[in-house]
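J.: Okay, sequence plus prediction incoming.
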Amino acid sequence: MDVHAAHNAVTAAAPAFSSRPEDIAWFILLLPLLAAAGITLIVRRSNFLAATFSIAATVTAFVLSFVLFLMFGVGDAAAVTSPFAWLHAGELAVNLGVTVDKLSTLMLLVVTGVSALVQVYSVGYMHGDRSFPRFFIGLSLFTFSMLGIVLADNFVMMFLFWELVGVSSWLLIGFWYEKESAADAAKKAFLTNRLGDFGFLLGIIIIWAAAGTVNFAELSQKLGAHPDLLGSLASVAGLLVFMGAMGKSAQFPLHVWLPDAMEGPTPVSALIHAATMVAAGVYMLCRVFFLYQVETAWPAALAFFGSISALDIIGGIGAFTALLAALMAIQQNDIKRILAYSTLSQLGYMVMAVGCGGPDAAMYHLTTHAGFKALLFLGAGSVIHACHHEQDIWKMGGLRKLMPKTFLTFALGTAALAGLPPLSGFYSKDAVLLAALDNGHPVLFGLGVLIAAMTTFYMLRLVLVAFLGSGRSEAAGHAHESPGAMTWPLVILAVPSVMLAWVPLGDYLTHHFFTDHGHVHGHGSEVISFGATISAAFGLVNHILFEPFNHAPLPAFLGTGALIIGAWIAVTLYWNAERDPLPKLLGSFARGMRNRFYFDEIYEAIFIPLHDLVARLADWFDRWVVGGLAVRGAHGSTELLGRALRIVQSGNLQTYTFFFVAGVALVVLIALK
Amino acid sequence: MSLTPGLHHFLVVSALLFSLGLLGVLARRNLLVIYMGLELMLNAANLALVAFSRFNANLNGQVMVFFIITVAAAEVAVGLALIVALYRKRQSAHVEDLTSLKL
Amino acid sequence: MPALTDLLFYGFAGLALLFGFLCVANPLSRNPVTSAMFLVLTICSLAGLFVLLNAFFLAAVQVLVYAGAVMVLFLFVIMLLDLKEEERRKLNKVALGAGTVAVAVIAGILIRAVTSAKPAADKLVEGTTKPLGRILFTEYLLPFEILSLLLLVAMVGVILLSKKELK
């Protein structure tokens, strides 16, 4: 790609910013890091300055991201990378570079936007916490890591930031480390992620070994030229890379960390579990989607997979996760856990979309989901804050009148998540369903519709129980609206939740994914230039609002139908309910749902003994072989030798001379040989 | 090896003298006698050098011997001064009494 | 019929070895003075060997410097230190045995080495004062001057060491 041409195009489009786009991208990336370093080194003692630094950095990053977005939304501005050599070891040359294209600029917007709002919100939510500045250090560091993933232009750099995200999420989830459950949850999240990252790393190594490059653009080009470049490992490499996404995006069977991570402060949940960390997996899959467009090929040992492609497996796992999490969400009582399982379910949705060959749909859903899920989490945080850290929805109730702003925004978020037209969630969900249908996955499509109904059901259950009805506890009765720092982010987030899909985001993404590669996507709709549409957007509102119904009526009507059915059941069961009627209706199945289908227990029964065994073996090896043989052996033999040599040190001159002569004799003998 | 003395003969004598000197260094306990043993070894080396010089038609060996004799003189002076100083301190010139090098 | 010089060689060599042996391992006397006197004799015999090797100047220096100056120094020190007690000490048999073995090994190695040396060109050089002096003051001038410095240093060192109170 010609950098100069892109540059010229960009400067022509936005003369106010003569700076090169990759420089802006670097600046965006480094801003949060600067903030984190600044807070750590300079203003750690001041709550006010810490928050100011952090928020200022993120807001600036957001503004710059918006500039970049405008630059690259216009026309066909090419991806810009600016690699500089980072390390060079043997054949492996790793550059650090940024990718600025439609995909990354959109994601930049999502990350910086949500991060900025979450930080503003945190000022209110974390007010009075002892470690207030530390929280902002963590948030800034996390934002930095996340932006690194978004901007990375090669696998190794992405992996670095991938791990950084793991570390900073560990810091944030375990922010209240005095609480044992929080510390445990942080550890669990970190370790589970590491498990996935292990696969990711293996995948990267395979790809590097086969293709000789880790750079996305080069790799894409090479794979485009030689689709059989990866040989029989193509699908395995794809699946291994997917394992990384499995960890970060909490897909089955590595989904267990996400609900536990709710032990962290609620803003963290909103940031990590709505817009960023969990989205990283999906984003990565979309970034390397070219990897999955190669011919399916399995090594001999895995030949039984036959024609099942890596994408099919990914789609299956996504759908299964979505279904499983939705089932679990139905019987949770903790407000944050409901949202956590809902997130899991929606992530499964996105992964399913990728698996169906619709990365555009996945990214679309990711973007809209980031908005309304952050809104829901922050709303939940507001509720928890008001109810003095009560999280059980059955102890809330009647909050509608006490917290009108929170209720309104929360309800909007719920509607968006449920996919009520014309809110944003409807369009992205429709895109996902359409991707499944168009690419020949009717089963996944059916599951998607079912999950849509379940989503509506459990979200409405949450709203009905927590906000409507009457207060079921003291705390709920005395709740009051949260301060402005907390409600304003809610209001701001409500805007994209409602209107995001009114701009042709779907076409924008489809354009990104399927024009370069020459595919013609099922949508078939004419690609509308972003810049042109913005002026004509309001004229087109009518067209956009009802486009799905006109264009592909089946998913649109089925999705809406699922919404209505889910809502109807929820209202029937939970309108003014005093306790949950489901356990009675479903019996032990409900208990299973409530207990997360015993995944934690199963893992504990299987993996903990296994792990203990390995640990004991390692301990034995360390104690006896490393410690006993190597360490003690070395020091023992040294000491023994020392003792022996001490006898020689008699202090007698002639003894020394004798050894000296013996040595000379030996040397002369050897020399004369 | 013919009976007419050649390089080998001188070198053998030199080697035997050297060994005798070494024996003195190793077996005798008196520092002074040990010193004499050292002198004997130096002289053995001198003999070898002179013999080399003679049989190689080259004066360099003799120059070396000249130097060795000078250095030996200086060494003997310093060494004996050391022995005297040591004797003043310890009232002995016997190596078995001088074991402060011991650990 | 061996020539006179050959006989002289065997004579001087035998004497040097005999006196050398008596110097380091006199079975009759362990008095350092005896050793010193035998060392003088050894050095004189070596001077004879030097003459046989045409190193006349060195033979003279050997007698003058070694037998004269150095050995006088030895005798002075021996007499300065009262070493009577030394003779009453028992011989260390182990040390003697080990020393003899080591010496025998060294001697064996050396003799084996020197006898395997190649015979060299048999051309005579005269080690008289004149050629030696010429080479000493032309080719070896710098080492010669450094040597004088060494002697000076040795002298200063000896004076310092001999002072009663070392400070």
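T.: Great, that's in hand.
J.: which residues of the chain score low on pLDDT?
T.: Went with chain A since none was named. A:1-19, A:73-83, A:300, A:303, A:305-306, A:471-477, A:479, A:501-508, A:511-553, A:576-597 (pLDDT under 70).
J.: meant chain C, my bad for not saying
T.: C:1-2, C:83-92, C:117-125, C:165-167.
J.: residues near residue 21, how many?
T.: Defaulting to chain A. 25 (other C-beta atoms under 10 Å in any protein chain shown). For every residue, glycine as well, the C-beta is placed using N, CA and C.
J.: ah, no, chain C please
T.: Using other C-beta under 10 Å, residue C:21 has 19 other residues around it.
J.: Just give the closest residue to it, not the sequence neighbours.
T.: Nearest non-adjacent residue to residue C:21, counting by C-beta to C-beta, 6 or more residues apart in numbering or on different chains: residue B:20, 5.7 Å away.
J.: Does the longest helix seen in chain B reach chain C?
T.: For chain B, the helix that runs over the most residues, judged by DSSP state H, is helix B:60-90. Yes - counting by C-beta under 8 Å from any C-beta of the partner chain, chain C has neighbours in helix B:60-90: B:60, B:62-63, B:65-67, B:69-78, B:80-85, B:87-88.
J.: If any of these are buried, put those into a PyMOL selection.
T.: Restricted to buried positions by 16 or more other C-beta atoms under 10 Å in any protein chain shown, the PyMOL selection for the residues of helix B:60-90 next to chain C reads:
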select buried, chain B and resi 62+63+65+66+67+69+70+72+73+74+75+76+77+78+80+81+83+84+85+87
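J.: Let me see the contact set for residue A:425.
T.: Contact analysis of residue A:425 by C-beta atoms under 8 Å, 6 or more residues apart in numbering or on different chains lists A:368-369, A:372, A:415-419, A:497.
J.: quick one: low-confidence ranges for chain B?
T.: B:1-2, B:101-103.
J.: can you do 80?
T.: B:1-6, B:90-103 (pLDDT under 80).
J.: thinking again about what came up before, make sure the residue nearest to residue C:21 is actually in contact with residue C:24.
T.: Yes - Residue B:20 lies in contact with residue C:24 (C-beta atoms under 8 Å); the separation is 5.6 Å.
J.: Give the residues shared as contacts by those two.
T.: B:37, B:40.
J.: re earlier: now do the longest helix of chain B: which elements does it pack against?
T.: Helix B:60-90 sits against helix B:31-56, helix C:56-61, helix C:71-80, helix C:129-138, helix C:141-162, with contacts defined as 3 or more C-beta pairs under 8 Å, 6 or more residues apart in numbering or on different chains; DSSP states H and E.
J.: which residues does the residue most central in space within chain C contact?
T.: Closest to where the C-alpha atoms of chain C average out (C-alpha atoms, centre = their mean) is residue C:43, at 5.5 Å. Listed by C-beta under 8 Å, 6+ apart, the contact set of residue C:43 reads B:43, C:62-63, C:66-67, C:71.
J.: what do you get for residue A:481?
T.: Counted by C-beta under 8 Å, 6+ apart, residue A:481 has contacts A:386, A:402-406, A:487.
J.: which one of these is nearest chain B?
T.: residue A:386 (77.9 Å; C-beta to the nearest C-beta).
J.: quick one: that closest one and residue A:482 touch, right?
T.: Yes - the criterion here is C-beta under 8 Å, and residue A:386 meets it with residue A:482 at 5.9 Å.
J.: ok, residue B:80 - contacts?
T.: Counted by C-beta under 8 Å, 6+ apart, residue B:80 has contacts B:35, C:73-74, C:77, C:158.
J.: And for residue A:405?
T.: A:481, A:487, A:490-491.
J.: how close does it get to residue A:414?
T.: 15 Å (C-beta to C-beta, to the nearest Å).
J.: do residue A:671 as well
T.: Distance from residue A:671 to residue A:414, by C-beta to C-beta: 92 Å.
J.: re the thing from before, which neighbours do residue A:386 and residue A:482 have in common?
T.: Joint contacts of residue A:386 and residue A:482 (C-beta under 8 Å, 6+ apart) are A:403, A:406.
J.: what's the burial count for the nearest residue to residue B:61 once chain neighbours are set aside?
T.: Residue nearest to residue B:61 in three dimensions, not counting chain neighbours: residue B:53, with 2.9 Å by C-beta to C-beta, 6+ apart. Residues lying near residue B:53 (other C-beta under 10 Å) number 23.
J.: what's the answer for the one 5 residues further on, then?
T.: Summarising burial for residue B:58: neighbours were counted as other C-beta under 10 Å, giving 16.
J.: go on, residue A:572?
T.: Neighbour number of residue A:572 under other C-beta under 10 Å is 10.
J.: Can you list the neighbours in contact with whatever helix or strand it lives in?
T.: Assigned by DSSP states H and E, residue A:572 falls within helix A:553-574. Applying C-beta under 8 Å, 6+ apart, the contact partners of helix A:553-574 are A:418-421, A:426, A:429-430, A:433-434, A:437, A:445, A:449-450, A:452-458, A:460-461, A:464-465, A:548-549, A:581-582.
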